[in-house]
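Visitor: Predicted coordinates and the sequence they were generated for:
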Amino acid sequence: MTPDPYEARLVARFRDGDVRALETLFDRYADRALGLAVRLTETREDAEEVAQEAFVRAFRHARTLEGTPTGGFGPWLFAIVRNLAADKRRQLRLPTLSLSAPGAEHLAEDGPTPAEEVLRRAERAALLSALDGLPEEWKTVLTLCDLLDVPHAEAAQVLGRSPAAAKSLHYRARRALRDAYAQTWGEEP
């Protein structure tokens, strides 16, 4: 896949010292980089740290690279996020306590009933639990393709695979997630 010409110009302008180009690249990828990090790390704080460090490294190295990163800035950034998240998961963890009381969120008056909210939260927890139980590569492809709407060709670059292999991996990951979710709820897939 060839890099987006607009993105290549942004990277070139950034190398020439244009701060607005850096801001544009950040704005373009911040939410998706954080979204990927959230799915690949254990806590929101870890995800924010990973996403921030990924941008720092990407911008630091973008100044020294010739041309645009292979495949474009986005897939290159997502690969950095993936590697940093793997490093973060390998670090020794100390237990943490939440300072907020469970259930402290307040429902809007026109929102779901308490029973609907409990069911929605239980379904979301089951889905996230099923997702967390998958191998890292499957979580990555599902997060990129289904949650962040990254095309298979870009996901393939992040995963170091061909586009056809990424599509196949995505299919297998979806089946595994569906089966794990159904098992959690005691339903047939």
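Guide: Right, received. Where do you want to start?

Visitor: hey, where'd the strands end up in this protein?
Guide: Counting by DSSP state E, the chain forms no strands at all.

Visitor: For it, give me the ranges with low pLDDT.
Guide: 1-3, 64-71, 92-111, 184-189 (pLDDT under 70).

Visitor: Nearest the geometric middle of it, what residue?
Guide: What sits nearest the mean C-alpha location of the chain, by Cα atoms, centre = their mean, is residue 36, with 0.7 Å.

Visitor: How about the contacts made by that residue?
Guide: Shown in contact with residue 36 (Cβ atoms under 8 Å, 6 or more residues apart in numbering): 51, 78, 81-82, 85, 140, 143-144, 148. Just so you know, the C-beta spots here come from the backbone N, C-alpha and C atoms, and that holds for glycine as well.

Visitor: One more: residue 131?
Guide: Residues counted as contacts of residue 131 (Cβ under 8 Å, 6+ apart) are 39, 139, 142, 177.

Visitor: repeat for residue 173
Guide: Neighbours of residue 173 in contact, by Cβ under 8 Å, 6+ apart: 134, 137-139, 141-142.

Visitor: Identify the residue nearest it in space, chain neighbours excluded?
Guide: Among residues not flanking residue 173 along the chain, residue 138 sits closest, at 3.6 Å (Cβ to Cβ, 6 or more residues apart in numbering).

Visitor: Was I right to think the one you found contacts residue 172?
Guide: Yes: between residue 138 and residue 172 there is a contact at 7.2 Å, judged by Cβ atoms under 8 Å.

Visitor: Those two: who's more crowded?
Guide: With neighbours defined as other Cβ atoms under 10 Å, residue 138 and residue 172 compare such that residue 138 has more, 19 against 13.

Visitor: For that one, give its distance to residue 90.
Guide: Applying Cβ to Cβ, to the nearest Å, the value for residue 138 to residue 90 is 19 Å.

Visitor: rewinding a little: wait, which of the contacts of residue 173 is closest to residue 9?
Guide: residue 141 (29.4 Å; Cβ to Cβ).

Visitor: wait, what's in contact with the closest one?
Guide: Taking Cβ under 8 Å, 6+ apart, we find residue 141 in contact with 155, 159, 166, 169-170, 173.
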